[in-house]
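Trainee: The amino acid sequence is not available; the structure is as follows:
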């Protein structure tokens, strides 16, 4: 299989490329050198590679950043997806498109609500979520005209290589700095009562490979564990893996109302047999070790 990957230098891309290589796929990795908002640039690159499938990872992926930069988020996430779909129609019309969407298209639920299903209405509540929902709706409209589309609504995922702009690596990076003597024993946190559905990024990219299989029916699939955990549980687990006992300091800038986002991945499991393989403790340990490796000890 020949697979073209956009946004390949981000958090998920390197993990996906390793998994594709292990599966014997031939890949063409692109990132900022190829403007996904420009179909005139995309079409020749696609035509030259002649992919069997395209994985669209390129995105502005931070909800917090989208609140301050909604137009940038719309340009990259919606216009970039539209450009890619238009380029595919001209240059590789038979290629399968894996559009990587987000659980944020559902919005948020109250704690204790049942997990989101693919049939639930889209109620995004941020510029990021709205840009992803708009890209999905466009792609699904084009699928009715022949686009071979699988859409992955990925719930929260973490692991080595993730930026500290997201919750778990933000906690891990602070703990690594405290361990290294580069910061006082205080951990900045937001509202820790909210519930999230976390997966290991390596399990997520294995799901993406299953979705690239032509035998998998086209459509929309949640990529989720089905289990919700409070951020307080996750912070406590990370602290238990660290060598420090920091004071938890609630930051007004990080605080959000208590809510939940958990997914039902029954459709993906029934269609492909996929299920998460890595325990969350391993994800957290590998994440913390990654930040330890990135953080020099004080005095160096």
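Mentor: Structure's in. What do you need? Given the structure is predicted, the values throughout are model-derived calculations rather than measurements. Numbers count the residues shown, from 1 in each chain.

Trainee: what separates the closest residue to residue 105 other than its chain neighbours from residue 32, distance-wise?
Mentor: With sequence-adjacent residues excluded and distances taken as C-beta to C-beta, 6 or more residues apart in numbering, residue 105 is closest to residue 133, at 4.3 Å. Every residue, glycine included, has its C-beta placed from N, CA and C. Taking C-beta to C-beta, to the nearest Å as the measure, residue 133 falls 25 Å from residue 32.

Trainee: Give me the neighbour count for residue 290.
Mentor: Applying other C-beta atoms under 10 Å, we find 18 residues neighbouring residue 290.

Trainee: any idea which helix or strand comes after the host helix or strand of the residue nearest to residue 105?
Mentor: In the assignment (DSSP states H and E), residue 133 maps to helix 127-143. Later in the chain than helix 127-143, the nearest helix or strand by DSSP H and E is strand 148-154.

Trainee: ok, then the element right after that following strand?
Mentor: Next along from strand 148-154, by DSSP H and E: strand 157-158.

Trainee: Just list what the next helix or strand after that following strand packs against, helices and strands only.
Mentor: Once the chain leaves strand 157-158, the next helix or strand it forms, by DSSP H and E, is helix 167-179. If contacts are counted by 3 or more C-beta pairs under 8 Å, 6 or more residues apart in numbering; DSSP states H and E, helix 167-179 sits against strand 186-189, helix 231-241, helix 280-294.

Trainee: among the ones you listed, which is nearest residue 86?
Mentor: Closest to residue 86 of those, according to C-beta to C-beta: helix 280-294, at 36.9 Å.

Trainee: tell me which residues in that closest one are buried?
Mentor: Across helix 280-294, burial judged by 16 or more other C-beta atoms under 10 Å covers 280, 283-284, 286-288, 290-292.

Trainee: swap in stretch 251-261?
Mentor: 259-261.

Trainee: distance between the ends of it?
Mentor: With C-alpha to C-alpha, to the nearest Å as the measure, stretch 251-261 spans 22 Å from end to end.

Trainee: Next: stretch 117-133.
Mentor: Taking C-alpha to C-alpha, stretch 117-133 runs 15 Å from one end to the other.

Trainee: what does stretch 245-256 give?
Mentor: 24 Å.

Trainee: Average pLDDT for that stretch, rounded please.
Mentor: Across stretch 245-256, the average pLDDT comes to 89.

Trainee: next one: stretch 94-106
Mentor: Stretch 94-106 comes out at a mean pLDDT of 98.

Trainee: Distance across that stretch, terminal residue to terminal residue?
Mentor: By C-alpha to C-alpha, the extent of stretch 94-106 from end to end equals 30 Å.

Trainee: what's the answer for stretch 255-268, then?
Mentor: By C-alpha to C-alpha, the extent of stretch 255-268 from end to end equals 33 Å.

Trainee: Pull the residues that contact it.
Mentor: With contact meaning C-beta atoms under 8 Å, 6 or more residues apart in numbering, stretch 255-268 is reached by 103-104, 106, 108-118, 153, 155-156, 190-191, 193-197, 207, 210-211, 219, 221-228, 274-275.

Trainee: Kindly recompute the last result at 7 Å.
Mentor: Contact with stretch 255-268 is made by 103, 108-111, 113, 115-118, 155, 190-191, 193-197, 207, 221-224, 226, 228, 274, as judged by C-beta atoms under 7 Å, 6 or more residues apart in numbering.

Trainee: how about the helices and strands packed on helix 167-179 in TSV, adding mean pLDDT and distance to residue 40?
Mentor: Formatted as TSV, the helices and strands packed on helix 167-179 follow (pLDDT from 0 to 100; distance: least, C-beta to C-beta, whole Å):
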stretch	mean pLDDT	distance to residue 40
strand 186-189	96	44
helix 231-241	97	44
helix 280-294	97	38
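
Trainee: Contacts only, for the nearest residue to residue 212 once chain neighbours are set aside.
Mentor: The shortest distance from residue 212 to any non-neighbouring residue, by C-beta to C-beta, 6+ apart, is to residue 53 (4.9 Å). Residue 53 makes contact with 1, 3, 95-96, 98, 212 under the criterion C-beta under 7 Å, 6+ apart.
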